[in-house]
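[1] Fold the stuff below for me.
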Amino acid sequence: MDKLYNVTDAFTMVHPITLIKGKNAKVWDNNDQCYIDFLGGIGVLNFGHCHPHIVTAIINQTQSLIHYAYNAAAHTPYQTFMPRLCELIPISGELSGMLTNSGAEATENAIKIARLKTKRTGVVAFDGGFHGRTLAAVNLNGKVAPYKRGLGPLAGSVYHIPFPSPDNEISDQQAIDALSRLFEVETDINNIGAIIAEPIQGEGGFQLMSTSFAQYLRAFCDDHGILLIMDEIQSGYGRTGSPFAFSHLGIEPDMILLGKSIAGGLPLGAVVGKASVINGLPKGSLGGTYSGNPVACAAANATIDIMQEDDVWVSAKHYAQVIETSIAQWQTEDVSPWLYGLTGIGAMRGIELRHVEYGSHPNVMTHILTQARKRGLLLMPSGKHRHIIRLLPPLTIEPETLQAGLDILRDVLRTIPDQNPADWS
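    This next block holds a predicted model:
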């Protein structure tokens, strides 16, 4: 009997298509159908598919050294990239860091660093947050289904509090009260080594952390010897229209987590922070076979080159302005009773779907994803109720392609039935 070989059915596939190529903001499937890509590999392609400078860097590196484990021997791409990355990050003083295979692995290592440095095991995270799918990282996620369901007890002492944002109904005071209750009822504050947060939640619906709460949190961590970790895996590398999203909050974290767009589509992540935090750890406590692979580092160096070009930021600003103007115009035109408004900031925006009578319902998103794909536009859902469209096109998207994608989205919004989606067949 012949064996059958399948990909596990544990994956949830947003779009049932098979892609074969991509160029900047467009992709093509195996039927040569072209799509405008508004999800960018879930935030991995801030500078587009197959950016020529990144492709050239990859090709050149593969002709000299494809791999060496940095734990075994140093290599030039890693040594070149790390100082450039530290220089790019707006945290005062001396910085240090390590490269990882992914954002989730960056999260795991940051928690290890926090434990080693503070000698405390507890971590505070936020409702709606997402920090990865590996076993320690998944416990930080502020959502059970589908990430924690069926896993049983999870590692580590993790506590969650509400995420205050101008994009939701959670106030600073609610979050502060929850933090206070945590240390009155759940655990001793001296057990907490780190607080981890996304400056703008990705999976949570592109919700920007309240600026005043972020500043309260920075002072709180300073007062109690707690490390503040900012997860910029999705929001970093220009996604908001600025290199890093925490700059919008007027704070500096102790550590920053990076991934997704850091290497133009190749697997790479990073933990970077104050040298006083990252250095002085036990020898051999950090590392990994593929962490900081030479080819990925070469792509990451090319990505920094792109970020230093003025054209990228002009394009990002144009993109942000077009999104804001378009959604405001659609609301004026009453394009759909489901169009509630925008979340996020700058070029990292979500479109919230909420009906004044029916509220939010996942059937609405399913309708939009399907109809948009049929018309040649790929979108990504997010939010607690799967009710926020996550806009993740490359910041380098051509103006005419951006407009074409928005025209499709506007037309799809007009097709949503103005009736209770729970009753849809």
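[2] Helices of the stretch 151-300 of the chain, start to end?
    172-181, 211-224, 275-278, 294-307 (DSSP state H, counting those that start in this stretch).
[3] to the chain's geometric centre, what's the distance from stretch 418-425?
    Averaged C-alpha coordinates place stretch 418-425 at 32 Å from its chain's average position (C-alpha atoms, centre = their mean, to the nearest Å).
[4] First residue to last residue on it, what's the distance there?
    14 Å (C-alpha to C-alpha, to the nearest Å).
[5] now do stretch 138-146
    Start-to-end, stretch 138-146 (C-alpha to C-alpha) is 10 Å.
[6] List the contacts of it.
    12, 107, 111, 123, 125-132, 147-148, 151, 154-156, 158, 160, 163, 196, 203-204, 384 (C-beta atoms under 8 Å, 6 or more residues apart in numbering). In this view, the C-beta of every residue, glycine as well, is placed from N, C-alpha and C.
[7] buried stuff in that stretch?
    Buried positions in stretch 138-146, judged by neighbour count with 16 or more other C-beta atoms under 10 Å: Val138, Asn139, Leu140, Asn141, Gly142, Lys143.
[8] tell me which residues in the helix or strand Met82 falls within are buried?
    In the assignment (DSSP states H and E), Met82 maps to helix 76-88. Neighbour counts over helix 76-88 (16+ other C-beta under 10 Å) mark Pro77, Tyr78, Phe81, Met82, Leu85, Cys86, Leu88 as buried.
[9] what helices or strands is that helix leaning on?
    strand 95-100, strand 269-274, helix 294-307 (3 or more C-beta pairs under 8 Å, 6 or more residues apart in numbering; DSSP states H and E).
[10] coming back round to it: specify which member of the buried residues of stretch 138-146 is nearest to Leu227.
    The closest of the buried residues of stretch 138-146 to Leu227 turns out to be Leu140 (C-beta to C-beta; 13.9 Å).
[11] For that closest one, give me the backbone phi and psi.
    With angles defined as degrees, to the nearest 10, Leu140 sits at phi -80, psi -20.
[12] Give me the distance between it and Val271.
    Counting by C-beta to C-beta, to the nearest Å, the gap from Leu140 to Val271 is 14 Å.
[13] do Thr8 as well
    29 Å.
[14] so what's the residue nearest the centre of the chain up against?
    Taking C-alpha atoms, centre = their mean, the centroid of the chain lies closest to Gln234, which sits 1.9 Å from it. By C-beta under 8 Å, 6+ apart, the residues touching Gln234 are Ile42, Gly43, Gly103, Glu198, Ile200, Gly202, Gly259, Lys260.
[15] hmm, which of those residues are the buried ones?
    By 16+ other C-beta under 10 Å, the contacts of Gln234 give Gly43, Gly103, Glu198, Ile200, Gly202, Gly259, Lys260 as buried.
[16] The helix holding Met82 relative to helix 294-307, how many degrees between them?
    30 degrees (axes from the mean of the first three to the mean of the last three C-alpha atoms, to 10 degrees).
[17] Now do helix 76-88 against strand 269-274, angle only.
    Per the same axes, to 10 degrees, the angle that helix 76-88 makes with strand 269-274 is 50 degrees.
[18] can I get the CA coordinates of helix 76-88 in PDB?
    Provided in PDB are the C-alpha atoms of helix 76-88 (Å, rounded to 0.1, in the frame of the first residue of the first chain):
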ATOM      1  CA  THR A  76      30.600  38.400   9.100                       C
ATOM      2  CA  PRO A  77      26.900  38.900   8.300                       C
ATOM      3  CA  TYR A  78      25.900  38.500  12.000                       C
ATOM      4  CA  GLN A  79      28.800  40.700  13.100                       C
ATOM      5  CA  THR A  80      27.800  43.400  10.600                       C
ATOM      6  CA  PHE A  81      24.100  43.300  11.200                       C
ATOM      7  CA  MET A  82      23.900  43.400  15.000                       C
ATOM      8  CA  PRO A  83      25.700  46.800  15.500                       C
ATOM      9  CA  ARG A  84      23.500  48.300  12.700                       C
ATOM     10  CA  LEU A  85      20.400  46.900  14.300                       C
ATOM     11  CA  CYS A  86      21.400  48.300  17.700                       C
ATOM     12  CA  GLU A  87      22.100  51.700  16.200                       C
ATOM     13  CA  LEU A  88      18.700  51.700  14.500                       C
END
